[in-house]
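# This is a predicted model, with the sequence first.
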Amino acid sequence: MSDPKVYHDFVAEFPKLNMRTGTTENLKYALDHDMGAILAEGNNFTKQIAAVVRRKARWQGPQRVRRKTGNRFELLRAGGVDEYGPMKYALSLQMGTRQFYQRPPNSDVTEEQKAKIKLAPNK
């Protein structure tokens, strides 16, 4: 559920269910309501997202995650909703392994995205 209103309504309707969010857009709301998160971005930015969650008291929303990850986060999201190709490619670079491919109907990372991801600093 990436739509904040849909997520908020769901949490309100089922307050005893630990409805983990999968998007940074809903992370603050989830943490404020004692819910968890399993973020797709966590595959590539585990340390940066963990640092944001640890500093919840100074929370500044998903923008903080984006600031901590630089433009690398935006590169993974550049394909729109389907960011699995770029994300898996970036993860293979971080791990020093062969490229992992996602299942259809998700599209693969483009050569242009690969070049940009390779050039992005890895903090």
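That came in fine, so what should we check first?

# which regions of this structure sit below the pLDDT cut-off?
Screening the chain residue by residue with the criterion pLDDT under 70, one finds the ranges 1-2, 53, 55-82, 121-123.

# if I look at the residue nearest the centre of it, how far off is residue 49?
Residue closest to the mean C-alpha point of the chain, counted by CA atoms, centre = their mean, is residue 41 at 2.3 Å. Counting by CB to CB, to the nearest Å, the gap between residue 41 and residue 49 amounts to 6 Å. The C-beta positions use only the backbone N, C-alpha and C, and glycine is treated the same way.

# circling back to that earlier point, and the residue nearest to the centre of the chain, helix, strand or coil?
Reducing the assignment at residue 41 to three states with DSSP: H, G, I helix; E, B strand; the rest coil gives helix.

# Equivalent analysis for residue 89, please.
Using three-state DSSP, the three-state assignment for residue 89 comes out as helix.

# Isn't residue 100 up against residue 87?
No: Residue 100 is beyond contact range of residue 87, at 9.4 Å (criterion: CB atoms under 8 Å).

# out of these two, which sits in the more crowded spot?
Just comparing residue 100 and residue 87: by other CB atoms under 10 Å the higher neighbour count belongs to residue 87, 24 against 13.

# Report the contact partners of the more buried one.
Counting by CB atoms under 8 Å, 6 or more residues apart in numbering, residue 87 touches 40, 41, 43, 44, 76.
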